[in-house]
Structures are given as structure tokens and as C-alpha cells.
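K.L.:
Sequence plus the predicted model coming up.
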Amino acid sequence: MRLEEVRKDVIVIGGGLAGVCAAVAAARNGSSVALINNRPVLGGNSSSEVRVWVCGATKHGVNRYARETGIMGEMFVENQYRNPDGNPYIWDLVVLETVKAEPNIELFLNTDVHEVEAEGDEQERRILSATGWMMGSERRIRFTGDMYLDCTGDGLVGFLAGAKYRIGREARHEYNEIWAPEQGDDVTLGSTILFYTKDAGHPVKFVPPSFAKDIAATSIPMKRVIRSGDSGCHYWWIEWGGELDTVHENERIRDELWAVIYGVWDYIKNSGKFDADTMTLEWVGSIPGKREFRRFVGDYVLTQNDIIAQEPFHDRIGFGGWSIDLHPPQGMYATESGSKNMHPDGVYSIPFRSLYSVNVGNLLFAGRNISATHVAFGTTRVMATCAVMGEAAGTAASLCGKLGASPRELYSEHLETLQRTLLRQDASIVGLSLPDRLDLAQSAQASSSSALVRFSLEESSGETCRLEHEAGLLLPVGRELRMLELLADAEEDTTLRVELYDTGRPDNYIPGSVRAAVEIRLRQGMRQWVSVPLAWQPEKPQNAFVVISQNEAVSLHLSARPLSGVLAFEKRPAPNAARELEDLDPTQPVLEWSMKRLVRRPFCFRSDAAAGVYEPAKALDGYLRPYSGPNMWMSGSRRNDAAPWLQLDWQEPVEIGSIQLIWNDDVNEDLINLHHHRTDFEVIPELAKDYRIEALAEGTWKPLFEIHGNRKRRNELKLDAPLPVQALRVTVLSTNGSEHAELISIRVYR
């Protein structure tokens, strides 16, 4: 046996998406990092070994403008380009390459950490080392560092270090959560194994193994949806073990899940109830995908009430948006639906205080083991949200090392430094804009060749939406709304009621308070522009939600193209098919107002509300996501402005060394890593494809960069040597499909 010593600034244990993003963030901030994973592939439950969809704040398109940015966003967009068919092995490569691209990371696969050395008493401890065994290599490795991140999911490292933790459900009185049980217990969410099927093109028989469960003798066929064409995560409900110890009885849980999977497939193939003669098993997982075990105690415990209230924590470092999604302890054998869901009105924030230990001074954590109650964990547990927390925790670990601070001291003394660093990284934070004294663009005057000042989606796709239900149109209002027109068909003379609402909170996209209302007389006729005399002059720029009442004699035309900042909705209950497995209350606003059928297909309209919304100064306002509006510079149509540009001018020359650009990659578009759906495009159309950057230096415009084939949201460009400049100009030569140049942010550093 060889005993090796590895010394790094930051030690990250756990190679799921939380650990990957933590390691990459720490490395990009200049720390040396050891990333340790006990499996041969990265990605955790999303890997080819388990194959769970990477779900996040979008909730499969329920939440608006909610897709994650930062490191998780980079992987989403890259996977969309490389892997449109959702091949799980290609996803493995996307994750692996994200790690291997960072020279500051040393990766240790197949390395199981099961020893931790710590010192101190129960109230104040410190980790000294973590030791792992590299399977297949017979290497015993002792890792030492300044900061340790437990991203193991099960929380083994923190447990061995003596970190305070909880398992199971808190009693209702502890945090006054209405979904908590009256009495606390050890019940958790269960584990799941997935399987894939394929059509072989010829008859295939299936002889079940002797241990296959006869599911006809259980409640499963009556209480769960079984279809021959489904595979993978459609069978998330094959879940069990919530009443057991999901770690120490992992083998028993796996065997039960296997028995049910082969029993389900026997039922599909041999019961005669399904068209499955040519179907065969392609893959069956062997590792239970765990949902829940230990949750550490931090300086703050996130609760159900924080989620539902969308608490805007002053120390927010990221956001989530998945519903509070809790499953019955009996899992697949339960007589009730497989899950019950409670949705806030939009995304919610996550505080930094929930990412570090209350009693182990150099321990941070990210993933499903953060400081949250069982009920709140029902939403924070999904992987894209875990990844967001991983980026924050890794960034914090690196800053702790640089500043010589503990995580608690980083919170109390350097919180803005942490948040500002995360914003520079384009991390997933909503509604936060902090002044950056290092950003030279903040002292510049922004101008542009053009900016969109009048909304106009006049070209119909030929499709219409009959007003069988109320419809909604969300559009940003800059200075004021004076004019709105809709393209409509009326089968008869009729009256149409239209109301204008604010959205309540700047980060929500549902009707809030009514601001104006009008009834319009329509005459029978097709493709008529209907004038809607609504007027609104908000105190500050914000979104308007226009509600068009139900009227089956009227149809609205759908636009042939989208427009950033504009969304269309239908008010309808959640589909019955969704409620077969999930207990969804359709009266929750984000479910009532669904955009799923109308994504990238808003209603045709004309309005003057865009004035002031897309001006070039928006690229300097510090907001990197939609919040009270789209927060970006958007040029006029490229039909009128073929090579739109944005320019920064300084009163006195400044010396520049690097430029950061963040292009619009439409965070309203729901992306996913595996087979949930694919988009009609491999690159987000709104992204700039080809662009040029020039600088005015010593009275002459000099070319600095010319980029071709861009498909990324965040571009970092570094000069070979510092250059004094009077002005800087970014010219968009082409996009990946949009009619406009769309730039969210430009930052310039020495």
C-alpha cells in the first residue's frame, strides 16, 4: 500500500454537478484544487451511470427567465450544441471537459474518501485532512488544504469531521412549516433506478429473472402510469427506501428497485396490454439515485416559508425555482400520487449562510446536503440548483484562502466581495447589481448605432390562438405605454375585455395589481389590427402583464419570431396527464399562466412601450438577468442596421487589459442534458456569432479582436499588453439567428 500526500488550497470531495462547479469556480479564482470522486465518471446522478435529468429553476418551463447561468449555464449551452439527442455519454464528456479545461484542478476519480482528521471540540472544529482509497490503483491518498467542500450528497466528510447535521423531517412547530409533519421523524425521500428501452425493429422476447416482482399483485399498475414507449426519467416514480436508512440499506434498496424494474418490463412485454413486441431493454441502472440523507446545519436554515415568500436574502448567492416537491415515504407502493408540489410565484434566493458549517470552521458544502429543512430541501435538491450552490461555495472557498478568512468571516466582513466576484462570473443571482470599482466601463458613456424603441411583431406565423381561455402578453415598459395593438381574427361582432397588470415583484411574471382596463368592440373580420387604448406610466421601468379575456369568437395571431423581453401565456389548469403522477394544484399562479405552448411564439402586436428599455446604457447597469425588464442593449432590426455597434467613450484615456462580454442566450429557453426535449436550433439564436472589437487609441481606430463562430454567452478577451484607449466599440457582424444584436453586459478591466 502506497500512502501519498496531496496538498491543495481547496479540497472538493464529491464529483456531482455541485462538486464540479465548486472545483471549477475555485480554480478559476486562482486556487489549486483537488476534485475527488468515488466513481469513474463525473456528474453524479446526471452521469451515464444513473441518468437523471438535470432539472433546475425552470421546472421544465414553468418558471420564466429561470435557466441557470454561470458554470452550470455553460454546460447546458455546450451540451445543447454537442449533444442534441441527449446521449448520456456525450454529457459525461461535457462535464469532464469542463473540469479538464482548468489547469488548477487535479482530478482524482475512483477515490473513496472515508477518513477525516479534525481537531477541536463539538462547538468549534477544524478539518486537518481527508484520506481516500483509489480503487484499482491501490493508492491511499491523504489530502490536506485550507478549505474543504463536502459535495458528496450523503454528507460523509462533514459527518466524519463532526459537523452538525439533521436527517429526516422536522416537526411542524420547529420552523412553522405547514408541510412539515406534526411530529419529527427519520423519513426521507427514497432512491430510484432508471432504465432505457428501444425498438429493435424485430420481435424480441423477454424472460424475466426469478427475482422480478409480479407488479400485478401490487398497487403499482393502478396508481402509476406505465407506457411501452417511455424510458429513463419518465419512470422517476420507481422510488423506494424513504422509510429505511437510504445509505446503510443501499444494497437492499437497489435489489428492490431492480425487482420492480424487471417486473415492470415483464408486465409491459408479456401482459398483452401493450404494443411492445419489438421493444427491448437497452440499459438498466445499477446505482440507486439517492435523493436525501444528511443535511448539515449552517448559520441559517432555509425553510418552506423562505421559499414561498421568495425571501430576498441580503447574502443571496444563487437561486432555485423547482417546486417544493415531496414524495410519499412508501414510494412506488404508495396509494397517493408519486409527488406533491408547491410552487412559489417565481424563483427564490439561497443565502450564503446555508452553505457553511455552524461548527466546523473550514467546511463548506453544496448540493442536497445544505442547511435546509426537509420541506425546503424538496426544491433545493435538484441538480442544476445544486450546481449553482456549488459555484458559490467554490468561489467562497477560494476567497477564504486569499483573505485568510473563515466562511463565517467571509459572510460578516467580505460579503460584497463574494457577491461581486460571483457577478463577474455571471453566476445565477437575481435582482443584484453591485458597483464594481475595477470595471472601467462604469465611468464610460455608452452609445450605439441603434436601439429598439418600438415593439413590432407584425409577421404572423400563420398560426392563431383561439381565446378559449384568458391569454396574457408580458412586455417591458420603459418610460410609458401609450399604444398597444393586437393582430386578431373575429368570427363575429363581439366585445373583448383587456386588463393591464403590474407583476407585483420585479422578479415575477404573473399578474399582480390591475393598472388599467378597457372593453373593445370588435367587428367580424380576419387579420385586423385591434387598437387597445391602455395607458400606463410606471414610476420606474418594469414589466406589464396584459390579460386578454376569454372569448371563443376571437383568435390572436402568433408571431413568426420571438422578441427578447416579450412572453405570451395561456391561462389554463395543469394538464390532467401531469396530475396522474403529480399532485399539482392548478390554481398556483405560475401553473395557471402557462407559457409552454407559446415559447418563442408571442402574439403579434405593436406598441411604443419599448422606449428606454433597450438603450445602450442597459449594458452597464450591472444586472445580468431579467429583473423589472430584460436588462440588455438591443439594436434595431439588422435589416435597417446591418452592422450594429455599441461604443464606450471615456473623458480621459484609460488603460485596458481585458474585456468581458455577456451576450443574450435567452435564459427563458428551457435546456436539459438528456432526452427530455430538443430545441429547433443547436445554438441560441440571440447569441452574437461574429463580432469585432476596435479601440480608439491616439486618435486612430485600431482592431483588437475579431471573433467568428461564437456560441457562448460569456466571452473573456485579454490583450497581450495594456493599451491606453479613448473609446471602445463592439460591432456585431452576424448573430446565430436573431434580427437584433443583444448584449447584456460589457465590462472592461485594467
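P.N.:
That came through, no problem.
K.L.:
Show me the protein divided up by domain.
P.N.:
In terms of domains, the chain is parsed into 2-169+293-424, 191-284, 440-451+614-749, 455-607 (source: automatic domain parsing).
K.L.:
Using JSON lines, lay out the ones you listed together with mean neighbour count.
P.N.:
To be clear about C-beta, it is placed using only N, CA and C from the backbone, and glycine gets the same treatment. As requested, the domains of the chain are exported to JSON lines (neighbours: other CB atoms under 10 Å):
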{"stretch": "domain 2-169+293-424", "mean neighbour count": "22"}
{"stretch": "domain 191-284", "mean neighbour count": "17"}
{"stretch": "domain 440-451+614-749", "mean neighbour count": "19"}
{"stretch": "domain 455-607", "mean neighbour count": "18"}
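K.L.:
so can I have a markdown table of those domains showing mean pLDDT?
P.N.:
As requested, the domains of the chain are arranged in a markdown table below (pLDDT from 0 to 100):
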| stretch | mean pLDDT |
| --- | --- |
| domain 2-169+293-424 | 97 |
| domain 191-284 | 95 |
| domain 440-451+614-749 | 96 |
| domain 455-607 | 93 |
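K.L.:
could these go into a markdown table alongside distance to residue 178?
P.N.:
Output for these, formatted as a markdown table (distance: least, CB to CB, whole Å):
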| stretch | distance to residue 178 |
| --- | --- |
| domain 2-169+293-424 | 7 |
| domain 191-284 | 20 |
| domain 440-451+614-749 | 29 |
| domain 455-607 | 13 |
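K.L.:
ok, residue 400 to residue 31 distance?
P.N.:
Computed as CB to CB, to the nearest Å, the residue 400 to residue 31 distance reads 9 Å.
K.L.:
quick one: common contacting residues for the two?
P.N.:
Common neighbours of residue 400 and residue 31 are not found (criterion: CB atoms under 8 Å, 6 or more residues apart in numbering).
K.L.:
residue contacts, residue 448?
P.N.:
Contacts of residue 448 by CB under 8 Å, 6+ apart are 615-616, 633, 635, 644-647.
K.L.:
one step back: which among the domains of the chain is found nearest to residue 185?
P.N.:
With CB to CB as the measure, domain 2-169+293-424 is the member of the domains of the chain nearest residue 185 (5.4 Å).
K.L.:
Distance of residue 649 relative to residue 658?
P.N.:
From residue 649 to residue 658 the distance is 19 Å (CB to CB).
K.L.:
Repeat that for residue 362.
P.N.:
32 Å.
K.L.:
same deal with residue 297?
P.N.:
40 Å.
K.L.:
that older thread, and of the domains of the chain, who's closest to residue 184?
P.N.:
domain 2-169+293-424 (5.8 Å).
K.L.:
ok, residue 301 - contacts?
P.N.:
Residue 301 neighbours (CB under 8 Å, 6+ apart): 175, 354, 371-373.
K.L.:
pretty sure residue 56 belongs to a helix, no?
P.N.:
No. Using DSSP: H, G, I helix; E, B strand; the rest coil, the secondary structure at residue 56 is coil, not a helix.
K.L.:
could you check the distance from it over to residue 352?
P.N.:
Distance from residue 56 to residue 352, by CB to CB: 19 Å.
K.L.:
contact partners of stretch 118-136?
P.N.:
Residues from elsewhere that reach stretch 118-136, judged by CB under 8 Å, 6+ apart: 11, 13, 36, 38, 108, 110-117, 139-144, 148, 157, 160-163, 359-363.
K.L.:
Show me these that map onto helices.
P.N.:
If you go by DSSP state H, the contacts of stretch 118-136 have 157, 160-161 in helices.
K.L.:
Now flag whichever of those is closest to residue 92.
P.N.:
residue 157 (23.8 Å).
K.L.:
wait, which of the contacts of residue 301 is closest to residue 622?
P.N.:
residue 354 (24.6 Å).
K.L.:
give the contact list for that closest one.
P.N.:
Contacts of residue 354 by CB under 8 Å, 6+ apart are 298-302, 370-372.
K.L.:
Identify the farthest-apart pair in those.
P.N.:
Within those, two members stand farthest from each other by CB to CB: 299 and 372, at 12.7 Å.
K.L.:
Tell me which of the contacts of residue 301 fall in helices.
P.N.:
Going by DSSP H, the helices hold residue 175 from these.
K.L.:
Now the two most distant members of the contacts of residue 301.
P.N.:
Most distant of those, by CB to CB, are 175 and 354, 13.2 Å apart.
K.L.:
Against residue 65, how distant is the closest residue to residue 508 other than its chain neighbours?
P.N.:
Spatial nearest neighbour of residue 508, chain neighbours left out: residue 346 (4.1 Å); criterion: CB to CB, 6 or more residues apart in numbering. Here the distance between residue 346 and residue 65 works out to 9 Å (CB to CB).
K.L.:
likewise residue 19?
P.N.:
For residue 19, the distance to residue 65 (CB to CB) stands at 27 Å.
K.L.:
repeat for residue 394
P.N.:
Taking CB to CB, one finds residue 394 at 25 Å from residue 65.
K.L.:
Check the contact between residue 15 and residue 33; I expect there is one.
P.N.:
No. Contact between residue 15 and residue 33 fails when scored by CB atoms under 8 Å: they sit 12.0 Å apart.
K.L.:
who touches both of residue 346 and residue 65?
P.N.:
In contact with both residue 346 and residue 65: residue 509, using CB under 8 Å, 6+ apart.
K.L.:
Out of the ones in helices among the contacts of stretch 118-136, flag the one nearest to residue 459.
P.N.:
residue 157 (56.9 Å).
K.L.:
pretty sure that closest one is in contact with residue 148, am I right?
P.N.:
Yes. The pair residue 157 and residue 148 qualifies as a contact (CB under 8 Å) at a distance of 6.7 Å.
K.L.:
can you list residues touching both of those two?
P.N.:
Contacts common to residue 157 and residue 148, judged by CB under 8 Å, 6+ apart, are 13, 127, 130, 363.
K.L.:
How about the contacts made by the last one?
P.N.:
Listed by CB under 8 Å, 6+ apart, the contact set of residue 363 reads 127, 147-150, 157-158, 161, 163, 356-357, 407.
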